[in-house]
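Asks: this one's structure only:
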């Protein structure tokens, strides 16, 4: 009798635990912290809280830089960054969106450049439409990073705005 009561308690506890896991989110996000952060970022975007979304996306880069979610997070973070960069670059040039976050996004982009192919999709989402001065910041960073300096990156300057970006591997 005592054994049956113990089993019943364990069964109830397991049921409550499973229900609470289901209420918390998808199984994937529970077992996959970067996915959970990405889901939270998407939820923040839906609520129009771009700063909270950006912080969640930045956490993916900081905590899980090699995860598959990092690349997806980058694209959304780049879109938010660009919006905030343009809002602040003329009125508050010392804003973190113009200074530290710009460097953070360039570093994040650099993390994708070590592969066999140039990260074209990431380059386009980060650079196209940005001021050419931002591209110059990238070129200065590329001089100090071997993974970046192997790419000859070109961004035609169209009246101060980057219209396109392309790269060729210089090691070939």
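Replies: Received the coordinates, thanks. This one's a predicted model, so the numbers in the text were calculated from it and none came from an experiment.
Asks: What strand or helix carries the residue most central in space within the chain?
Replies: The residue lying closest to the centre of the chain (C-alpha atoms, centre = their mean) is residue 74, at 2.6 Å. Here residue 74, judged by DSSP states H and E, is contained in helix 68-88.
Asks: pLDDT on that helix, on average?
Replies: For helix 68-88, mean pLDDT is 95.
Asks: residues of that helix that come out buried?
Replies: 69-70, 72-74, 76-82, 84-85, 88 (16 or more other C-beta atoms under 10 Å). Glycine gets a C-beta too; all of them are placed from N, C-alpha and C.
Asks: do the same with stretch 58-69
Replies: Neighbour counts over stretch 58-69 (16+ other C-beta under 10 Å) mark 58-61, 64, 67, 69 as buried.
Asks: for the helix holding residue 74, packing partners?
Replies: In terms of contacts (3 or more C-beta pairs under 8 Å, 6 or more residues apart in numbering; DSSP states H and E), helix 68-88 is packed against helix 33-46, helix 50-63, helix 100-112, helix 120-127.
Asks: and it with helix 100-112, angle?
Replies: Calculated by axes from the mean of the first three to the mean of the last three C-alpha atoms, to 10 degrees, helix 68-88 forms an angle of 150 degrees with helix 100-112.
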